[in-house]
Structures are given as structure tokens and as C-alpha cells.
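Asker: how does the following fold in three dimensions:
(one chain, ligands or ions: 1)
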Amino acid sequence: MRRKLVVGNWKMFGRLMKNQALLQGVSEGVRQLKGADFAVCVPYPYLAQAQSMLQGGNVSWGAQNLSQFEEGAYTGEVASGMLVDFACSYAIIGHSERRALYGESDEIVAQKFAAAQQAGLTPILCVGETLAERESGVTEAVVARQLDAVIEGFGVAALARAVVAYEPVWAIGTGKTASPEQAQAVHAFIRQRMAKHDARVAENLCLLYGGSVKAGNAAELFAMPDIDGGLIGGASLVVDDFVAICRAAQQ
Ligand code: 13P
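Answerer: The predicted model follows:
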């Protein structure tokens, strides 16, 4: 049986003092929860803080992006090996904000995915359609294209060591969550598409839902058969909310 996973994506929020209370609260709040896995993906400058406050507990940590290059003259970029220096477990790859605001193409996302894996990090590959794409009926085509960029480049086996997050763009930060049925339908599509390549990889793939997951709707989303947890934005910045979502993932 697949284990549930809840990951906080802090995005560009946080300050040293505030993080201290948040990390401590989350770490203590989920300490007794044994039936699922938990992580927070923090801004780069706070990786050392996350490492020092979370090590030894049951909350892993990671980054929200990385460079596709190993090292070199790439001003402002952060390499996968640098994330490993701070004992990161995860790196979010291809978040819709990166795709939309920083021009990350499917090809670049695939290269970043590979860079994360080569360094031993678990990529959390984000896919999802915009509202216009949903309304014009191309949700499955968009998600398939985003996944195929990775599968064609590195084979379906690459997804055996990865997490996929379905995040409909229209549900991110809008308070407009996909209904459990809407989310389940796309999750089932993703799993079935994987199964055509490799049934075992499909069956074991951890598939998160992201987009306005809150303490009040997490349990009904996580109860769906193909939803294996959540990627949480806004609610991951509030101790009680994030801990309640983590509790909802308990099996
Ligand atoms: P919200 O939970 O704030 O909608 O953000 C979702 C998200 O983008 C997580 O990566």
C-alpha cells in the first residue's frame, strides 16, 4: 500500500524568527504521527535553519527549485549538489509559478528533474492545467504532455524515484479547491497513463494533489483512491493548519 505524504511549499514566505516558531510547531505537532510522511520545502536561505531544527524528527525538508546545471557561471542559480550539502530530501520541480513566471519549459523541467535525481534528491514533479485549458477540455492533454517530457527523456523508471503533484493552476492560492472527484479523475488518468508503460511504477507512484488544500478539505481529498497526499501552499505557513492536514493523512 502506498504511504501518504504531505509536503509544505512555503513559496517566497518566511523570516528567521517566524520560521523558528513554524518549524518548531510543525515538528512537535507531527512527532506522534507515524502513519504518513511529512516534509517542508523552504526558501534556499533557510535550508540550514530547517536542517538544524528538523534533523532527528519525522519532518523532512527540501527546496522549491534547482538549477539543471551541476555548476558553472550561472549567477543566482542553486545546484542540486548544494541542496545535498544541506541534507535535502526533496526538490519541487516545474511548479506552475516557475513555468508561468520564469519561463520554464517542459524541456527545462525535465532537465531539472534529472539533475535532482542524479544528486539523490526526490523530485516532486508538478503538473496541471490552467483554467482556460480546463474550460477548453484539454486538461488530460496538458498533463500528459508535461509528464511525457520526463518519460520520453528518462524513461518511466525515472518516476519510480519521484513524486508527482497534480496542481490545477486555477486552484492555486485561489481558495477554489478542485472537488475530490475532479482531482481523483485527473489522478486516475495519470496513473492509468503510467500503467501503460509500467504497471508497477504506476501502482507505487506517490501522487499528491495541490491547490487550496486546507484543514477543512484535506480528509475528503486524501480519501480518494488515487490521491496519496498533498502539496500545501498557504496552509503550510500556519502551524495548526499544517498539522491538521498532516493528521488527515494518517492511515
Ligand atoms: P495553495 O495551497 O496556497 O493554493 O498553493 C498550492 C501550491 O501551489 C503548492 O505548491
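
Asker: which residue would be the closest one in the chain to the ligand?
Answerer: G233 (2.2 Å; CB to the nearest ligand atom). In short, each C-beta sits where N, CA and C put it, glycine included.

Asker: any idea whether D226 is helix, strand or coil?
Answerer: Secondary structure assignment for D226 (DSSP: H, G, I helix; E, B strand; the rest coil): coil.

Asker: residues near it, how many?
Answerer: For D226, the count of nearby residues is 20 (other CB atoms under 10 Å).

Asker: the residue of the chain closest to the ligand: how many residues sit nearby?
Answerer: 21.

Asker: I'd assumed G175 was in contact with it.
Answerer: No. Assessed by CB atoms under 8 Å, G233 is found out of contact with G175, at 11.0 Å.

Asker: intersection of neighbour lists for these two?
Answerer: Residues touching both G233 and G175 by CB atoms under 8 Å, 6 or more residues apart in numbering: S212.

Asker: where does this protein come near the ligand, residue by residue?
Answerer: 9, 95, 167, 172-173, 210-213, 231-235 (CB under 6 Å from any ligand atom).

Asker: least confident pick among these?
Answerer: Ranked by pLDDT, the residues of the chain next to the ligand bottom out at G173, which scores 90.

Asker: show me the contacts for the residue of the chain closest to the ligand.
Answerer: Contacts for G233 (CB under 8 Å, 6+ apart) come out as N9, K11, I172, G173, G210, S212.

Asker: at 6 Å instead, please
Answerer: Counting by CB atoms under 6 Å, 6 or more residues apart in numbering, G233 touches N9.

Asker: okay, strands next: where are they in the chain?
Answerer: Secondary structure of the chain (DSSP state E): strands located at 4-9, 36-41, 59-63, 90-93, 122-127, 163-166, 206-210, 229-232.

Asker: out of the ones you listed, flag the one nearest Q184.
Answerer: Of all the strands of the chain, it is strand 206-210 that lies closest to Q184, at 8.7 Å by CB to CB.

Asker: that closest one packs against which elements?
Answerer: strand 163-166, strand 229-232 (3 or more CB pairs under 6 Å, 6 or more residues apart in numbering; DSSP states H and E).

Asker: buried ones among the residues of the chain next to the ligand?
Answerer: Those of the residues of the chain next to the ligand that meet the buried threshold are 9, 95, 167, 172, 210-213, 231-235, by 16 or more other CB atoms under 10 Å.

Asker: and the two most separated of these?
Answerer: Largest separation among these by CB to CB: H95 and A235, giving 16.3 Å.

Asker: now do the helices in the stretch 51-200 of the chain.
Answerer: For the stretch 51-200 of the chain, helices defined by DSSP state H, counting those that start in this stretch occupy the ranges 80-85, 96-101, 106-118, 131-135, 139-154, 180-197, 199-204.

Asker: for V42, find the nearest of these.
Answerer: Nearest to V42, of those and by CB to CB, is helix 80-85 at 11.1 Å.

Asker: give me the neighbour count for G57.
Answerer: A total of 14 residues lie near G57 under the criterion other CB under 10 Å.

Asker: check the gap between it and E28 for me.
Answerer: Applying CB to CB, to the nearest Å, the value for G57 to E28 is 9 Å.

Asker: could I get the phi/psi values of E77?
Answerer: phi -90, psi 160 (degrees, to the nearest 10).

Asker: burial count for it?
Answerer: Neighbours of E77 (other CB under 10 Å): 14.

Asker: check G216 too.
Answerer: G216: 13 neighbours (other CB under 10 Å).

Asker: again with the one 4 residues further on
Answerer: E220 is surrounded by 15 other residues when neighbours are defined as other CB under 10 Å.

Asker: for it, give me its contacts.
Answerer: If you count contacts by CB under 6 Å, 6+ apart, E220 has them with P180.
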